[in-house]
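1. fold the following, please.
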Amino acid sequence: MRRTLALVLILSGAASGEAASLLEKRQVAQSQVPMDCVSTCNSADYTCSMGCGLSGACVAQCTAEAAACRRRCEEKK
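-> Predicted coordinates for the structure are as follows:
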């Protein structure tokens, strides 16, 4: 009887621990920014900046647009 009770307690603890780790994994996955979104923003920023030449105002506009793009990625979380 004691062994059965001990086994039930151990198994219930293992199951709840496993559920907690799954919940933690889900929360971590949801908190991470989709890397393809950020990568797209960075690529667009690079392409835009390369087309600017030596114009500092143009590069600044590209950087601002890339920052707005990254904020939109954050909102998708």
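
2. quick check: closest non-adjacent residue to Cys41.
-> Cys69 (3.7 Å; CB to CB, 6 or more residues apart in numbering). In this view, the C-beta of every residue, glycine as well, is placed from N, C-alpha and C.

3. all helices of this protein, in order?
-> Using DSSP state H, the helices of the chain run over residues 2-31, 35-50, 56-75.

4. how close does Gly51 sit to Cys58?
-> 8 Å (CB to CB, to the nearest Å).

5. who has more neighbours out of those two?
-> With neighbours defined as other CB atoms under 10 Å, Gly51 and Cys58 compare such that Cys58 has more, 14 against 11.

6. mind listing what that one touches?
-> Cys48, Ser49, Gly51, Cys52 (CB atoms under 8 Å, 6 or more residues apart in numbering).

7. is it true that the second one touches Ala60?
-> The reference is to Ser49. No. Ser49 is beyond contact range of Ala60, at 9.6 Å (criterion: CB atoms under 8 Å).

8. so which of those two has more stuff around it?
-> Set side by side, Ser49 and Ala60 show more neighbours around Ser49, with 17 against 12, by other CB under 10 Å.

9. contacting residues around Arg72?
-> Cys37.

10. quick one: end-to-end distance for stretch 44-55.
-> End-to-end span of stretch 44-55 (CA to CA, to the nearest Å): 17 Å.

11. give me the buried positions along it.
-> By neighbour count on 16 or more other CB atoms under 10 Å, the buried set for stretch 44-55 is Asp45, Cys48, Ser49.

12. the helices of the chain: lowest mean pLDDT?
-> For those, mean pLDDT drops lowest on helix 2-31, to a mean of 57.

13. thinking again about what came up before, now the contacts of Cys58 in CSV, with distance to Pro34?
-> Shown next, in CSV, are the contacts of Cys58 (distance: CB to CB, whole Å):
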residue, distance to Pro34
Cys48, 21
Ser49, 23
Gly51, 26
Cys52, 27
